[in-house]
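*Asks:* Got a predicted structure here, sequence first:
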Amino acid sequence: MSARLSTTLYIKRNRFFRLKLLSLKPTEVEKLKDGYENEVRDIKKSALQMSWYLRGGASYIDILNMSNQERKLLNEIIENNLETTKKTQLPFF
C-alpha cells in the first residue's frame with residue numbers, strides 16, 4: 001500500500017472515531033473505553049497462551065504482530081494438536 005493511501009486511510013479512520021466519540025454521552029464513552037480495555041486484555045492473554053503452547057516457536061511479540069486471522073488459524077492448530085495429544089494419550093508437558 002502506498003504511503004499516501006495509507007495516510008489517507010489513517011486520517012479517515014481517526015476522523016470517524018472522533019466523530020463517534022463526540023456523539024456519545026460520557027457514560028457511553030466510558031463503556032466504549034472499558035470495552036476496548038477488555039479487548040486489549042483478551043488479545044494479550046491469548047498471545048501469552050499461544051506463545052506458551054508454542055514453547056519458543058513464536059514469541060509473544062511475534063504473535064502480537066500477527067493479524068487477527070493469523071492468530072485464529074494458529075489457535076486452531078494449537079487446539080488440533082491438543083486434541084491429538086489427548087487421543088493418543090501422549091504426555092503433553
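*Replies:* Ah, there it is.
*Asks:* Just give the nearest non-adjacent residue to residue 51, would you?
*Replies:* Counting by CB to CB, 6 or more residues apart in numbering, residue 51 lies nearest to residue 60, which is 4.5 Å off, once chain neighbours are set aside. Backbone N, C-alpha and C define where each C-beta goes, glycine included.
*Asks:* so what's the backbone phi/psi at the one you found?
*Replies:* phi -60, psi -40 (degrees, to the nearest 10).
*Asks:* correct me, but it touches residue 49?
*Replies:* No. Counting by CB atoms under 8 Å, residue 60 does not reach residue 49; the two are 10.0 Å apart.
*Asks:* List the residue ranges of the chain that fall below the pLDDT cut-off.
*Replies:* 1-12, 92-93 (pLDDT under 70).
*Asks:* Beyond the lengthiest helix in the chain, next helix or strand please.
*Replies:* Criterion DSSP state H: the longest helix present in the chain is helix 26-54. Tracing the chain C-terminally past helix 26-54 and defining elements by DSSP states H and E, one meets helix 60-64 next.
*Asks:* Could you give me the buried positions within that next one?
*Replies:* Of all the residues in helix 60-64, those buried under the rule 16 or more other CB atoms under 10 Å are residue 63.
*Asks:* which residue is nearest the middle of this structure?
*Replies:* residue 43 (4.1 Å; CA atoms, centre = their mean).
*Asks:* Leaving out sequence neighbours, find the closest residue to that residue.
*Replies:* Nearest to residue 43 is residue 64, by CB to CB, 6+ apart, at 7.5 Å.
*Asks:* Pretty sure the one you found sits against residue 45.
*Replies:* No. Using CB under 8 Å, residue 64 is not in contact with residue 45, being 11.6 Å away.
*Asks:* Secondary structure element for residue 17, which one?
*Replies:* helix 3-23.
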